[in-house]
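A.B. asks: From the sequence below, what's the structure:
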Amino acid sequence: MPRIIPFKAVRPTRSKVGLVASRPYESYTAEERESRMHYNPFSFLHIINPGYKFDQVITGEERYRLVKNRYLEFKEEDVFLQDEKPSFYVYKIINRDNFEFSGIIALAHAEDYENNLIKKHEDTLKQREETFKTYLQNVGFNAEPVLVTHKDNQIVSDLIKQVQTQFADYEFTMTYRDTHYLWKLEDEDIIVKIQQEFKNIGVFYIADGHHRCASSHLLYLEEKSKNPIHTGTEPYNYFMCFFLPESHLRIYEFNRLIKDLNGLTTKEFLIRLDEYYKIENFGKKPFQPSNMHEFSMYLEGEYYALKLRLSKYEFISSLDHLDAHILFKTVLQPILGINDLRQDKRIEYANGRYDVYKLKSMVDNGEFKLSFGLFPTNINQVKAIADEGLTMPPKSTYILPKLRSGLTIYEF
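C.D. replies: Below is the predicted model of the structure:
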């Protein structure tokens with residue numbers, strides 16, 4: 001059974017938590033990062049981008065050493081303090097759309113990932129795994145939890161609600177208009193009850209953070225191999241997760257934007273599409289898919305509905321039912337010649353929180369030739385693919401919540 005373990009988090013002081021916590025580094029534009037770091041000396045961005053202090057880009061192991069230095073400075077200046085007792089951290093986000101995400105920040109064991117009790121649905125890139133493993137070895141901490149989902153459990157939900165009736169250790173709103181709450185849970189009786197219920201749950205699924213999870217596992221394997229008295233309880237065995245019930249997860253689609261028709265005329269392209277799809281021209285009237293195996297397409301100022309001809313497509317595995325995979329196998333690869341969804345410069349992605357008019361404008365301004373809109377994947381599809389040991393194409397899901405760095409930190 002998968003384990004969920006309390007830990008002594010390093011956390012920002014209550015007065016500075018709203019200043020410290022940041023979105024993932026890559027989610028900011030260069031201008032946004034510059035602005036936040038210029039005006040906010042407490043942002044966690046100063047730790048993960050230590051070259052800012054020297055007005056230069058620093059990479060590799062030199063950067064890792066400076067990351068550790070900036071982190072230690074934050075501790076020395078009492079921006080961060082460590083809790084004295086192992087705890088769970090009940091965490092709630094209410095986002096700007098008024099969705100609530102309530103779960104528990106705790107540790108998972110790398111062995112449970114190895115034994116497929118924490119299941120993945122995405123492929124990871126070995127180079128990124130190795131890079132982040134080296135980063136972890138040098139800095140010695142996790143600053144952003146892996147988002148892990150699990151089936152709902154009423155007892156755990158009731159215990160979380162019980163904790164949330166108390167005064168929160170943190171309550172703050174970010175400029176992104178998400179409000180964050182955190183409660184430190186030290187009560188050993190409640191911790192044991194939650195651990196027991198998680199044993200009954202049986203299996204977890206990675207929702208977001210596949211590379212961080214894989215890199216933590218690599219670190220565990222390497223440190224274990226170097227330790228002749230390995231017990232399985234050393235700090236390197238664990239990595240930090242936010243355990244969230246699947247009913248609290250929000251899954252959006254990633255839509256596809258394409259640069260050209262691969263040398264085809266519009267008529268030739270539509271004729272090729274007709275092999276697999278019933279095509280309906282909606283003209284200027286926007287169309288959004290409302291069911292699985294439906295796609296919207298915007299091309300040359302007109303909207304189209306594409307409905308998969310079920311008799312022409314073979315469903316064998318759970319992956320074959322995934323719309324992102326269907327579009328790849330029937331259109332992107334055979335017609336448009338896009339074979340590598342990660343590297344091909346002719347395709348880009350827009351998450352489903354963008355409306356149809358955003359996609360329309362990106363085509364109308366000449367940046368792209370056409371766009372495809374998808375119907376969102378659901379959690380049961382994600383779980384089925386993970387259970388079969390399969391992986392989704394890149395950018396199949398855009399999952400909320402997006403977590404903050406520097407809110408809770410696990411040192412190992």
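A.B. asks: So residue 399: helix, strand or coil?
C.D. replies: State at residue 399, reduced to three classes by DSSP: H, G, I helix; E, B strand; the rest coil: strand.
A.B. asks: how many neighbours does it have?
C.D. replies: 19 (other C-beta atoms under 10 Å). Placement of C-beta: from N, CA and C, glycine included.
A.B. asks: doesn't residue 208 make contact with it?
C.D. replies: Yes: counting by C-beta atoms under 8 Å, residue 399 touches residue 208, with 5.0 Å between them.
A.B. asks: what touches both of the two?
C.D. replies: Contact criterion C-beta atoms under 8 Å, 6 or more residues apart in numbering; residues shared by residue 399 and residue 208: residue 147.
A.B. asks: Which parts of this protein belong to which domain?
C.D. replies: As assigned by automatic domain parsing, the chain contains the domains 10-251+400-411, 254-396.
A.B. asks: Which of the ones you listed sits closest to residue 4?
C.D. replies: domain 10-251+400-411 (4.7 Å; C-beta to C-beta).
A.B. asks: Straight-line length of that closest one, end to end?
C.D. replies: Length of domain 10-251+400-411, first residue to last, C-alpha to C-alpha, to the nearest Å: 8 Å.
A.B. asks: related to what we said a few turns ago, with mean neighbour count, mean pLDDT and distance to residue 1 as new columns, can the domains of the chain be given to me in a markdown table?
C.D. replies: A markdown table is the format used below for the domains of the chain (neighbours: other C-beta atoms under 10 Å; pLDDT from 0 to 100; distance: least, C-beta to C-beta, whole Å):
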| stretch | mean neighbour count | mean pLDDT | distance to residue 1 |
| --- | --- | --- | --- |
| domain 10-251+400-411 | 17 | 96 | 4 |
| domain 254-396 | 16 | 96 | 17 |
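A.B. asks: what would the ones you listed look like in JSON lines with distance to residue 3?
C.D. replies: Shown next, in JSON lines, are the domains of the chain (distance: least, C-beta to C-beta, whole Å):
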{"stretch": "domain 10-251+400-411", "distance to residue 3": "5"}
{"stretch": "domain 254-396", "distance to residue 3": "19"}
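A.B. asks: what about these, which gets the closest to residue 2?
C.D. replies: Using C-beta to C-beta and comparing the domains of the chain, the one that lies nearest residue 2 is domain 10-251+400-411, at 4.2 Å.
A.B. asks: Now do the strands in the stretch 201-350 of the chain.
C.D. replies: With DSSP state E, counting those that start in this stretch, the ranges of strands along the stretch 201-350 of the chain come out as 204-208, 238-245, 250-252, 254-258, 277-283, 294-299, 302-308, 347-351.
A.B. asks: same deal with the stretch 51-200 of the chain?
C.D. replies: Counting by DSSP E, counting those that start in this stretch, the strands of the stretch 51-200 of the chain are 80-82, 88-94, 100-109, 118-119, 141-142, 146-150, 170-173, 179-185.
A.B. asks: who does the last one pair up with?
C.D. replies: Here the strand partners of strand 179-185, with direction, are listed using DSSP bridges: strand 88-94 (antiparallel), strand 170-173 (antiparallel).
A.B. asks: Same check on the first one?
C.D. replies: Strand partners for strand 80-82, identified by DSSP bridges, are recorded as strand 10-12 (antiparallel).
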